[in-house]
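Student: give me coordinates for this.
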Amino acid sequence: MFTKKITLVLSVFVALFIFNGTLFAQEKAFPKKGEGITLFLKRHNRVGKEYHDEFVKLNKTKLGNGNSLKMGVKYQLPPLKGAAATVARKPNYEPLFGKEMAEYKVTSSELKGCCFYLVSGHGGPDPGAIGKMGNVELHEDEYAYDVMLRLARNLLMRGAKVHIIIQDAKDGIRNDKFLKNSKRETCMGDPIPFNQFRRLEQRCDKINSLFKKDKEVYKRAIFMHIDSRSKSHQTDVFFYYQDKNSESKHLSKTMKSTFEHKYNRHQPGRGFTGTVGQRGLYVLRKTTPPSVFVELGNIQNSFDQKRFILSDNRQALANWLCEGFITDYKRYRKKLK
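Tutor: Next up is the predicted model:
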C-alpha cells in the first residue's frame, strides 16, 4: 500500500512537471509581413543564435525555402531563458517605459474597467513640428511621446488597460532637456508609412480593431501633439473633440477644467487661456471610441518650450491628463447608475 502511494505521488509530480513544461514551451505567435526569423524572435524578446537554432528545430516542418516564415502560420517560440524569462513573468512591467521606469505598481483601482488608446505625434518618417532653443532642435514627436509614456504609466498604475499605439522600442521615459530625434517609431510593431494619409489611416484602423475586442465599459482615445505657430504666439494647452459625440465633448471639457484648476492652484493670478473646440481632423472623424485631441503648446515659443523641455513639467502634463480621465470616468459611472 505504501509503495502504491509513493508511485501515485511520483506519477502526479511527473505529470505536473511535464504539463507545466509543455505549457511553457507552447507559446506561439504569427509573423508580420516582411519578418524573417531574426526580427520575429527579436519582437518576442528572444535575441541570439541559441534562440534562432532552437526556433528552427521547433518549427522545421512549418518553414519555407531557406527557413523563411510563412504568413498565416503560427510558430512555436523557444522558451525564454534567464533574466528575460524573469522579466516576461513580471505582471507590472512595460519595457517601452525604459529600464529605470519599466516596473510599476498598481496603486489604486480608480480606473479599473477602463481602456485607453494613446497616440503621440506623427511618428516614423515625420518628426512633426520642429522648434529651436539656441542651436538645438526640438522635435514634436520626441516630447509628445515622452508625455504620452508618462501618461500611460500613470493610467496603468490606477488599474487601467492601456494600448500604446505609437511605439519606440529604445527611447523609454527620458529626463533629459533635449530629446534626440529618431525615426524608429512603429504602429504597435508595424512600420509607419511615409504617406501622411496612410499614417493616419493606419493608427485609426489599429485603434478601431482593438476597440472591437476590448470589453471594458469605458474606452477612450487620446491624440497628443505640439503645435507650431509664430515665435511670439504663446499658447496654453487646448483640446479638440469629435463632432456629434457628447462623450468626446464631455472628456475635452473635463480636461480643460482640470488644467484650469491646476494652473489656478500652482500659478495663481496667471490665468489659463486653453480652449475646447470641435475640429474635423481625420483621426477624430475616423476613430470609433470617444476621443480627445490635445495640443500641448507652441514649440516655437520660448515660454511654451519650458513646458516641454523640463522633465518635471512633462510629468505634470501627464499627471493632469490622467486626473482628467479619472474625473471623466467618475462622471460616466454616475451616468450609468
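
Student: quick check: domain ranges of this protein?
Tutor: Following automatic domain parsing, the chain resolves into domains at 2-89, 95-336.

Student: tabulate those in CSV, adding columns for mean neighbour count and mean pLDDT.
Tutor: Just so you know, the C-beta spots here come from the backbone N, C-alpha and C atoms, and that holds for glycine as well. CSV is the format used below for the domains of the chain (neighbours: other CB atoms under 10 Å; pLDDT from 0 to 100):
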stretch, mean neighbour count, mean pLDDT
domain 2-89, 13, 72
domain 95-336, 18, 90
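
Student: for stretch 207-223, which outside residues touch it?
Tutor: Outside stretch 207-223, the residues that touch it by CB atoms under 8 Å, 6 or more residues apart in numbering are 113-120, 151, 161, 163, 165, 247, 251, 281, 283-284, 286-294, 321, 325, 328-329, 332-333, 336.

Student: CA atoms of it as PDB?
Tutor: Only the C-alpha atoms of stretch 207-223 are listed here, as PDB (Å, rounded to 0.1, in the frame of the first residue of the first chain):
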ATOM      1  CA  ILE A 207      -7.500  51.600 -32.600                       C
ATOM      2  CA  ASN A 208     -10.800  50.600 -34.100                       C
ATOM      3  CA  SER A 209      -9.600  47.000 -34.400                       C
ATOM      4  CA  LEU A 210      -8.600  46.900 -30.700                       C
ATOM      5  CA  PHE A 211     -11.800  48.700 -29.700                       C
ATOM      6  CA  LYS A 212     -13.900  45.900 -31.100                       C
ATOM      7  CA  LYS A 213     -12.100  43.300 -29.000                       C
ATOM      8  CA  ASP A 214     -11.800  45.200 -25.700                       C
ATOM      9  CA  LYS A 215     -14.600  44.500 -23.200                       C
ATOM     10  CA  GLU A 216     -14.000  47.400 -20.800                       C
ATOM     11  CA  VAL A 217     -17.000  49.700 -20.200                       C
ATOM     12  CA  TYR A 218     -15.100  53.000 -20.500                       C
ATOM     13  CA  LYS A 219     -12.900  53.200 -23.600                       C
ATOM     14  CA  ARG A 220     -11.200  56.400 -24.700                       C
ATOM     15  CA  ALA A 221      -8.500  57.500 -27.200                       C
ATOM     16  CA  ILE A 222      -6.200  60.500 -26.900                       C
ATOM     17  CA  PHE A 223      -4.100  62.000 -29.600                       C
END
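
Student: that stretch: how far from the chain's middle?
Tutor: With CA atoms, centre = their mean, to the nearest Å as the basis, stretch 207-223 stands 13 Å off its chain's centre.

Student: among the contacts of stretch 207-223, name the ones in helices.
Tutor: Within those, residues falling in helices by DSSP state H are 151, 247, 251, 283-284, 286, 321, 325, 328-329, 332-333, 336.

Student: now tabulate these in JSON lines and tack on distance to Leu69.
Tutor: Shown next, in JSON lines, are the ones in helices among the contacts of stretch 207-223 (distance: CB to CB, whole Å):
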{"residue": "Leu151", "distance to Leu69": "35"}
{"residue": "Glu247", "distance to Leu69": "41"}
{"residue": "Leu251", "distance to Leu69": "41"}
{"residue": "Val283", "distance to Leu69": "32"}
{"residue": "Leu284", "distance to Leu69": "37"}
{"residue": "Lys286", "distance to Leu69": "31"}
{"residue": "Leu321", "distance to Leu69": "39"}
{"residue": "Phe325", "distance to Leu69": "39"}
{"residue": "Asp328", "distance to Leu69": "43"}
{"residue": "Tyr329", "distance to Leu69": "41"}
{"residue": "Tyr332", "distance to Leu69": "43"}
{"residue": "Arg333", "distance to Leu69": "45"}
{"residue": "Leu336", "distance to Leu69": "46"}
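
Student: what is the nearest of the residues you listed to Gly189?
Tutor: Nearest to Gly189 among the ones in helices among the contacts of stretch 207-223: Val283, at 19.7 Å, using CB to CB.

Student: spit out the contact partners of Ser311.
Tutor: Applying CB under 8 Å, 6+ apart to Ser311 gives the contacts 146, 174-177.

Student: swap in 10 Å and give it another go.
Tutor: Taking CB atoms under 10 Å, 6 or more residues apart in numbering, we find Ser311 in contact with 146, 150, 173-177, 179.

Student: which of the residues you listed sits closest to Phe55?
Tutor: The closest of the contacts of Ser311, once distances to Phe55 are taken by CB to CB, is Ile173, at 31.7 Å.

Student: so what's that closest one up against?
Tutor: 96-98, 100-102, 145-150, 152-153, 311, 314-315, 318.

Student: ok, the residue lying closest to it once chain neighbours are set aside to Arg153 distance?
Tutor: Using CB to CB, 6 or more residues apart in numbering and skipping the chain neighbours, the partner closest in space to Ile173 is Met101 (4.6 Å). Distance of Met101 to Arg153, computed by CB to CB, to the nearest Å: 7 Å.
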